[in-house]
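>>> based on what follows, work out the 3D shape:
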Amino acid sequence: MSLVNNAILERINSLIVVVNAQGRVEYVSPSAKRILGFEPEQLLGEGWWNLTRDDRKERRKIRELVRKQIEQKEPLELVPQERLLKTSSGGDRWILWNTSKGLFNKLVAIGHDITERKISEQQLVFKHKELEQQNLEILASIRYARRIQESILPDIHKLQPACKEAFALFLPKDEVSGDFYFLHQKGTKVFAVAVDCTGHGVPGALMTMIANSLLREVIVKQGIEDPAEILYRLDDELLIELNKDDGRDITNDGMDVAIAVIDTAGNTITYAGAFRPMLLLRKGEFIEFEANRFPIGFYGNSVKHFTSQTLELEPDDTFYLFTDGFCDQFGGERKKKFNRVRFKELLLSAQSMPLKEQEAFLKYALVNWRQDEPQVDDVLVIGIKV
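The predicted structure is shown next:
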């Protein structure tokens, strides 16, 4: 029977250690040979303390703990303890100990080998820290990218005195935005452009850098002034920029654009849009300029048509260029989109306010509308009073 017991104890993945009332180890299961590499006889007496731990402080700490457990009169209710043991070859094995008191005030400890689990845990901890560090680096890069993107956004208040008032409500969904605006003054003309690039976040932000460069090329360098012609040129330039002849597939990236050109000398406003409209508010009523139903960028084999619309301005006319983020925001009691109708009603309700106050009012209205709903897209609204 003893041979059978020894055979079983040798093969189990656990250690059994018995400590007598004097604190000496009087029994170690045969499994110690397989788990720790020591013969059980080597670990009897002081061998257990000296051979399985290199650290003297750790030895004293464990022996003192065992002594207190032996001296304790009440029944033991000990929480399992994880301990690191040294093997005969100098390796490490993690053992989870459960301790109880047996006959003659002896302490019986059963330890389960949890080394593989601990290695997995340590690897997970390391991986988690590594991912945390990578995440911090990515966030730092994105925040730096936000500062770069913000640097290309012009100060809309510099449109004065060409325009009475102006605001730009710019609310990225993420740290960086796929929406942006472009302003330029040339003589008596003011160019205002609202752009919604494909996507949001980092991909959208990269597109805004390309779009900003193209707008400068077409409006500033090439001197194109007609909004429809600007759209045609942007379309050509973007297709060339994104689809170099290097064997790659044609990309579907693009942008929706609204362009308004104010001529202060001629007292007119000329508009053209690629999927983005313009609202002009005059004496409490909206004049809505619909966009052409073509984007800037790849659109199959469609032949695109962009048209300019010109209107004479009257005192205190206010026009708005905007992307779809505000109108597409879910919220309200029924979790529906804000939509264009509510947006126009909101603008009408704010007409007694200066434009700077309108910006704050629109931001408040949007936050109040969405409540706990996440922001679904980048938001851009430009308002200019002439």
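
>>> find me the pLDDT at D55, would you?
In this model, D55 is scored at 87, pLDDT.

>>> do you know how far it is from P154?
65 Å (CB to CB, to the nearest Å). C-beta coordinates here come from the backbone N, C-alpha and C atoms, glycine included.

>>> looking at these two, which is more packed in?
A side-by-side neighbour count of D55 and P154, using other CB atoms under 10 Å, places P154 first with 16 against 11.

>>> thought that one was touching F182?
Yes. With contact defined as CB atoms under 8 Å, P154 and F182 form a contacting pair (7.2 Å).

>>> am I right that L215 is in a helix?
Yes. Assessed with DSSP: H, G, I helix; E, B strand; the rest coil, L215 lies in a helix.

>>> what's the burial count for the residue nearest to it when sequence neighbours are not counted?
The shortest distance from L215 to any non-neighbouring residue, by CB to CB, 6 or more residues apart in numbering, is to F182 (4.7 Å). Look at F182: counted by other CB under 10 Å, it has 22 neighbours.

>>> what sits against F182?
154, 191-193, 195, 212, 215-216, 219 (CB atoms under 8 Å, 6 or more residues apart in numbering).

>>> now the strands for the stretch 1-150 of the chain?
Secondary structure of the stretch 1-150 of the chain (DSSP state E, counting those that start in this stretch): strands at 14-19, 25-28, 81-86, 92-101, 107-113.

>>> where in the stretch 1-150 of the chain is pLDDT low?
Where the stretch 1-150 of the chain drops to pLDDT under 70, the residues are 1-12, 74-78.

>>> what segments of it are helices?
Along the stretch 1-150 of the chain, counting by DSSP state H, counting those that start in this stretch, helices occupy 2-11, 31-36, 47-51, 56-71, 115-152.

>>> so which of those gets nearest D263?
helix 115-152 (25.3 Å; CB to CB).

>>> quick one: the closest one to chain centroid distance?
11 Å (CA atoms, centre = their mean, to the nearest Å).

>>> tell me the buried residues in that helix?
Buried residues in helix 115-152, counted by 16 or more other CB atoms under 10 Å: 115, 118, 145-146, 149.

>>> what's the domain layout of this structure?
2-113, 119-152, 154-385 (automatic domain parsing).

>>> run the chain-centre distance for the last one.
The chain centroid and the centroid of domain 154-385 are separated by 25 Å under CA atoms, centre = their mean.

>>> still on that earlier bit, for F326, state which of the buried residues of helix 115-152 is nearest.
After measuring the buried residues of helix 115-152 against F326 - CB to CB - the closest member comes out as Q149, at 19.4 Å.

>>> surely that closest one is in contact with Y181?
No. Contact between Q149 and Y181 fails when scored by CB under 8 Å: they sit 11.6 Å apart.

>>> how close does the residue nearest to G102 when sequence neighbours are not counted sit to R34?
Using CB to CB, 6+ apart and skipping residues adjacent in sequence, the residue nearest G102 is V108, 4.6 Å away. Per CB to CB, V108 is found 20 Å from R34.

>>> partners of the helix or strand harbouring the residue nearest to L215, with directions?
Here F182 sits within strand 179-186, counting by DSSP states H and E. Note on strand 179-186: by DSSP bridges, its sheet partners are strand 189-197 (antiparallel).

>>> give me the contacts around the strand it pairs with.
Against strand 189-197 from outside (CB under 8 Å, 6+ apart): 159, 162-163, 178-185, 204, 207-208, 211, 215, 219, 225, 253-264, 276, 321-325, 378, 380, 382, 384.

>>> just the buried positions in it, please.
Within strand 189-197, the residues that qualify as buried by neighbour count (16+ other CB under 10 Å) are 189-197.

>>> now tabulate these in a markdown table and tack on distance to D316.
What follows is the buried residues of strand 189-197, written out as a markdown table (distance: CB to CB, whole Å):
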| residue | distance to D316 |
| --- | --- |
| K189 | 20 |
| V190 | 16 |
| F191 | 21 |
| A192 | 17 |
| V193 | 23 |
| A194 | 21 |
| V195 | 27 |
| D196 | 28 |
| C197 | 32 |
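
>>> which of the residues you listed sits closest to L84?
C197 (55.4 Å).

>>> ok so, going back, tell me the one of the contacts of F182 nearest N301?
Comparing the contacts of F182 against N301 with CB to CB places V195 closest, at 24.4 Å.

>>> how much space separates that closest one from P172?
13 Å.

>>> give me the common contacts of these two.
Common neighbours of V195 and P172 (CB under 8 Å, 6+ apart) are D179.

>>> any idea of the mean pLDDT for stretch 302-315?
95.

>>> for the buried residues of strand 189-197, which one is nearest Q329?
D196 (14.1 Å).

>>> for that closest one, which non-adjacent residue is spatially closest?
T323 (3.9 Å).

>>> with L169 instead?
Per CB to CB, 6+ apart, closest to L169 is V381, 4.3 Å.

>>> on that earlier part again, does the residue nearest to D196 touch D179 like I think?
Yes. Using CB under 8 Å, T323 is in contact with D179, at 4.8 Å.

>>> all helices of the stretch 201-350 of the chain, in order?
201-215, 227-242, 339-349.
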